[in-house]
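> need coordinates for the following:
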Amino acid sequence: METVSGNLASALRIKPGITAIIGSGGKSTLLKTLGLELMRAGGRVLLCTTTHMLPVAGVPWDGSNRRLDAAPWKPGTSHVPGCTCEACAGMSRGSICQAGVLDPETGKLSSPAEPLDQLAQRFDYVLAEADGSKRLPLKAHAPWEPVVPAGTANVIWLVGASGLSKPINEAVHRPELFCERCGCELTDIATPERVAQVLNAEMQALKLSTARVMLNQVDTLSDPTMADRFEAALGRPVVASSLK
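Numbers count the residues shown, from 1 in each chain. The predicted structure follows:
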């Protein structure tokens, strides 16, 4: 198993275009960390969602409900006078911003008004959160999930290691669906083997066999061998991380 703390784009084999981030256990953190990494490398990066997400702290927002027609913000010019956010610190040659329609009641962004395949023509990388997990480390997908845009170049399937060895009804979003897919009870433990079984079933059903799997939060594991058990049961390479 490959463990990474940096150079995520290389470990996850990120190609230019649309990247859909799905699963649970740190999607928002991965979205920002990967976006800033690509920006520092000189890429033009857009962060967004195909469902709903809280705005990414420290990243300029289009600031309107209109189509994102303006050029993205450039380092060296504060997007707000006096701003000291990470992006405005001018840490790279690239550019970064986020887009979406802001709901003033929830404070969340929904999908941008402009289709993502059109936005991908103006940005090197469009990174999109493509499902929700209610801030739980593990999840099973409902029939309408994930919302992966047409023409997506990369799918990153995130799994939260902090949910391994915990009761399913405490650690899993949509626990009933999880149990249906691995033949267990809500009070049973989310073992690495059960999580891998559900993941494999969903990958086949969703036709996402080319997705790259990342096991995040590995620093929380009381038994480090659970990461290797998960990879062995999954039967495919897994990238391990402890994103903060």
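> residue 16: what's it in contact with?
43, 124, 125, 153 (Cβ atoms under 8 Å, 6 or more residues apart in numbering). The way it works is simple: take the backbone N, C-alpha and C, and place the C-beta from them, glycine included.
> mind listing the strands for the chain?
2-3, 17-23, 44-49, 52-53, 95-98, 101-103, 108-110, 125-129, 138-139, 152-160, 172-173, 212-216, 238-240 (DSSP state E).
> is residue 152 in contact with residue 17, as I believe?
Yes: using Cβ atoms under 8 Å, residue 152 makes contact with residue 17 at a distance of 7.4 Å.
> run a quick neighbour tally on the closest residue to residue 211 other than its chain neighbours.
Spatially, and ignoring its direct neighbours in sequence, residue 211 is nearest to residue 155 (4.0 Å; Cβ to Cβ, 6 or more residues apart in numbering). Using other Cβ atoms under 10 Å, residue 155 is surrounded by 22 other residues.
> cool, residue 139 as well?
Neighbour number of residue 139 under other Cβ under 10 Å is 29.
> for it, give the beta-bridge partners.
Per DSSP bridges, the residues bridged to residue 139 are residue 173.
> relative to residue 24, how far out is it?
4 Å (Cβ to Cβ, to the nearest Å).
> list residues touching both of those two?
Counting by Cβ under 8 Å, 6+ apart, the residues touching both residue 139 and residue 24 are 133, 173.
> tell me how far the closest residue to residue 102 other than its chain neighbours lies from residue 166.
Nearest non-adjacent residue to residue 102, counting by Cβ to Cβ, 6+ apart: residue 109, 5.7 Å away. Per Cβ to Cβ, residue 109 is found 30 Å from residue 166.
> looking at these two, which one has more neighbours?
residue 109 (24 against 16).
> confidence score at that one?
Looking at residue 109, its pLDDT reads 90.
> tell me who's in contact with it.
When contacts are taken as Cβ under 8 Å, 6+ apart, residue 109 is in contact with 48-49, 52-55, 61, 98-103.
> same thing with residue 208?
148, 155, 157, 202.
> contacting residues for residue 228?
Residue 228 makes contact with residue 1, according to Cβ under 8 Å, 6+ apart.
> over to residue 32?
47, 56, 57, 58, 59.
> again, only this time at 6 Å
Counting by Cβ atoms under 6 Å, 6 or more residues apart in numbering, residue 32 makes contact with residue 56.
> can you count the residues close to the closest residue to residue 177 other than its chain neighbours?
Leaving out its chain neighbours, the residue that sits closest to residue 177 by Cβ to Cβ, 6+ apart is residue 140, at 3.8 Å. Residue 140 has 24 neighbours, counted by other Cβ under 10 Å.
> I'd say residue 140 and residue 175 touch.
No: using Cβ atoms under 6 Å as the test, residue 140 is too far from residue 175 to be in contact (7.4 Å).
> looking at it, residue 35 is touching residue 46, isn't it?
No: using Cβ under 6 Å, residue 35 makes no contact with residue 46, being 8.4 Å away.
> for residue 52, see how far away residue 105 is.
Relative to residue 52, residue 105 is positioned 12 Å away (Cβ to Cβ).
> between these two, what contacts are shared?
By Cβ under 6 Å, 6+ apart, no residue touches both residue 105 and residue 52.
> between the two, tell me which one has more neighbours.
Between residue 105 and residue 52, counting by other Cβ under 10 Å, residue 52 is the more crowded of the two (15 against 6).
> find the nearest non-adjacent residue to that one, please.
residue 108 is the one closest to residue 52 (Cβ to Cβ, 6+ apart), at 4.6 Å.
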